[in-house]
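Q: curious how this folds, go ahead:
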Amino acid sequence: MQKEKLLYKNKTILITGGTGTFGKAMINHLVLNCVPKKIIIYSRDELKQSQLAESTDVKTAKEKGILVRFFIGDVRDRDRLKMAMNGVDFVIHAAALKQVPAAEYNPFECIKTNVFGAQNVIDASIEQGVKKVIG
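A: Numbers count the residues shown, from 1 in each chain. Purely as a prediction, here's the structure:
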C-alpha cells in the first residue's frame, strides 16, 4: 500500500468509465489511500458525472486538495481521449460494455467500445506520453 501511495502522489490520473461501478470504487480508493494531484473522470454519461460531482468522494477529494475534473467523452473517440490525456501520468481504463444480454443483442457496439475503444486508449496514451495504463 505504501508503494502505491508513493506511486500516485502528486500525479494526474485519468479514469475511463469513471462513473461506472469500478470507476467510482477506484476514485474512492485513490481519495482515501493516495494523494494524487488530479483525478480526471472520463465518461459519456453527463447525469452520472453530475451526480458524482456531488458525492462524498469528490467532496473529500477537494477537501484534501485533490483536483477533480470531468470530461464528457467516449473511448470510441480517439481525438477526445488525446485531449483528455494531456498531462496525464496514469490511465485506469474501466470503460466497457459489460452486460451480457446487451452485448448479445448489440455485438458490434460492444466491439466498438471494448476492442476499438481499448485500442484508442492505448494509442492516445502513447501519443500523450502517459507513463502507465492499467486495464
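
Q: would you agree Leu81 falls within a helix?
A: Yes: assignment of Leu81 by DSSP: H, G, I helix; E, B strand; the rest coil places it within a helix.

Q: buried stuff in stretch 5-15?
A: Going by neighbour count (16 or more other CB atoms under 10 Å), the buried part of stretch 5-15 is Tyr8, Lys11, Thr12, Ile13, Leu14, Ile15. Backbone N, C-alpha and C define where each C-beta goes, glycine included.

Q: skip the chain neighbours and tell me the closest residue to Gly18.
A: Among residues not flanking Gly18 along the chain, Ile41 sits closest, at 3.3 Å (CB to CB, 6 or more residues apart in numbering).

Q: any idea which residue is closest to the centre of this structure?
A: With distances taken as CA atoms, centre = their mean, the residue of the chain nearest its centroid is Ile15 (1.1 Å).

Q: neighbouring strands of the host helix or strand of it in the sheet, and parallel or not?
A: Using DSSP states H and E, Ile15 sits in strand 12-16. Here strand 12-16 is paired, per DSSP bridges, with strand 38-43 (parallel), strand 90-93 (parallel).

Q: and the contacts of that strand?
A: 23, 26-27, 30, 36-43, 71, 75, 81, 84-85, 87-95, 121 (CB atoms under 8 Å, 6 or more residues apart in numbering).

Q: how much space between the closest residue to Gly117 other than its chain neighbours and Leu97?
A: Nearest residue to Gly117 in three dimensions, chain neighbours excluded: Val75, at 3.3 Å (CB to CB, 6+ apart). For Val75, the distance to Leu97 (CB to CB, to the nearest Å) stands at 10 Å.
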